[in-house]
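[1] Give me coordinates for this.
(one chain, ligands or ions: 1)
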Amino acid sequence: MRYRAIGIFDSGVGGLTVFKEIAARMPGENLLYLGDTARVPYGTKSVETVQRYALEAAEFLVDQGVKMLVVACNTASAVALPGLRKRFQLPVLGVIEPGACKAVHSRNRRIGVIGTEGTINSGRYPEAIRKLLPDAQIFSTPCPLFVPLVEEGWADHEIARLTAAEYLQGMIEARIDTLVLGCTHYPLLRETLRQVLGDGVMLVDSAEETAKSVARIFAEEGLENPQHGGERHFFVTDVPTRFERVGRAFLGTELNRVQQVQIG
Ligand code: DGL
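    Numbers count the residues shown, from 1 in each chain. Prediction:
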């Protein structure tokens, strides 16, 4: 069991932020990544559709014999996690609980949450935060333009700053001291968000918190790979060209071994 790979899936390229954090913390683990690039985005789709896509993506990775499933996509984590946990015997981890655990370190208990429409409409982040901090005041807003801006390579562009200022105006007025980056792409906007919000607001990177949780679960359950394999393999459901190009910016390295597959 311990020698098996960790399976990570996302709607597309964004989950590479989670992949990157896991690879950095657990270099000896073998990692399989699936990006459902033929059906991206998930963030604008209905709950039923995202649940079906997530199940098919998870089935593909489970068939590869992974020892754990990481749902890197915030939208899929928000709506599909209970179904996946019921369906599969292995540990299934999403990005919402780890993000919420960090967010509750807020000092003034005024917490902002940003994500896709699907993630925000699900209300899962507020639910997870309130479970740990019942009197938290939570301010949520979808930021649908952030995903295309990041994929265009404009995360640090003036357009991204203006867009962020517009989206976050209400949260600034609400004096949040913590902002949950509830979407795979948002860690790349960290610097832009910091410029708009100032240094006093803690930015919670769900990708980083998820990787910490994976490492903790592995240590607790003795799931660490003692062989130090460190193999990485990427699967996509559409031609790999765009995934390889955009993914380079997410990972900071070339993506080798990207294979197109059919799922569902
Ligand atoms: N991966 C998605 C998420 O984290 C963003 C892209 C999409 O809408 O599919 O919610």
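[2] Please, where are all the helices along the stretch 1-150 of the chain?
    Using DSSP state H, counting those that start in this stretch, the helices of the stretch 1-150 of the chain run over 16-25, 47-63, 74-87, 96-103, 117-122, 124-132, 146-151.
[3] and those as JSON lines, adding mean pLDDT and mean neighbour count?
    Where you see a C-beta, it was placed from the backbone N, CA and C, and this is true even at glycine. Putting the helices of the stretch 1-150 of the chain into JSON lines (pLDDT from 0 to 100; neighbours: other C-beta atoms under 10 Å) gives the following:
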{"stretch": "helix 16-25", "mean pLDDT": "97", "mean neighbour count": "22"}
{"stretch": "helix 47-63", "mean pLDDT": "98", "mean neighbour count": "19"}
{"stretch": "helix 74-87", "mean pLDDT": "98", "mean neighbour count": "22"}
{"stretch": "helix 96-103", "mean pLDDT": "98", "mean neighbour count": "23"}
{"stretch": "helix 117-122", "mean pLDDT": "98", "mean neighbour count": "22"}
{"stretch": "helix 124-132", "mean pLDDT": "98", "mean neighbour count": "19"}
{"stretch": "helix 146-151", "mean pLDDT": "98", "mean neighbour count": "21"}
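[4] Adding distance to residue 219, write those out as JSON lines.
    As requested, these are arranged in JSON lines below (distance: least, C-beta to C-beta, whole Å):
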{"stretch": "helix 16-25", "distance to residue 219": "11"}
{"stretch": "helix 47-63", "distance to residue 219": "22"}
{"stretch": "helix 74-87", "distance to residue 219": "21"}
{"stretch": "helix 96-103", "distance to residue 219": "15"}
{"stretch": "helix 117-122", "distance to residue 219": "29"}
{"stretch": "helix 124-132", "distance to residue 219": "22"}
{"stretch": "helix 146-151", "distance to residue 219": "32"}
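[5] Residues of the protein that sit close to the ligand?
    Within the chain, the positions adjacent to the ligand are 10-12, 14, 40-43, 73-75, 115-116, 119, 147, 183-184 by C-beta under 6 Å from any ligand atom.
[6] Nearest to the ligand: which residue in this protein?
    With C-beta to the nearest ligand atom as the measure, residue 43 is the residue of the chain nearest to the ligand, at 2.7 Å.
[7] residues in contact with that residue?
    Neighbour list for residue 43: 11, 75, 115, 116, 117, 118, 119, 144, 147, 183 [criterion: C-beta atoms under 8 Å, 6 or more residues apart in numbering].
[8] Repeat the analysis, applying 6 Å as the threshold.
    75, 116, 117, 118 (C-beta atoms under 6 Å, 6 or more residues apart in numbering).
[9] now swap in residue 113 and tell me
    Going by C-beta under 6 Å, 6+ apart, the list of residues near residue 113 reads 125, 140, 180, 182.
[10] Make a PyMOL selection of the buried ones in these.
    Here is the PyMOL command that picks out the buried ones among these, judged by 16 or more other C-beta atoms under 10 Å:
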select buried, resi 125+140+180+182
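[11] Just the ones in strands from the contacts of residue 113, please.
    Per DSSP state E, strands hold the following members of those: 140, 180, 182.
[12] quick one: contacts of stretch 4-12?
    Contacts of stretch 4-12 (C-beta under 6 Å, 6+ apart): 19, 29-37, 40-42, 57, 61, 65-70, 72-73, 184.
[13] Would you check the distance separating that stretch from the middle of the chain?
    Offset of stretch 4-12 from its chain centre (C-alpha atoms, centre = their mean, to the nearest Å): 11 Å.
[14] now stretch 158-176
    The chain centroid and the centroid of stretch 158-176 are separated by 21 Å under C-alpha atoms, centre = their mean.
[15] next one: stretch 53-60
    Centre-to-centre, stretch 53-60 and its host chain are 16 Å apart (C-alpha atoms, centre = their mean).
[16] still on that earlier bit, which members of the contacts of residue 43 define the maximum pairwise distance?
    Distances among these were taken as C-beta to C-beta; the most separated pair is 75 and 117, at 8.5 Å.
[17] number of nearby residues for residue 152?
    By other C-beta atoms under 10 Å, 12 other residues sit near residue 152.
[18] go on, residue 9?
    The local packing of residue 9 (other C-beta under 10 Å) involves 28 other residues.
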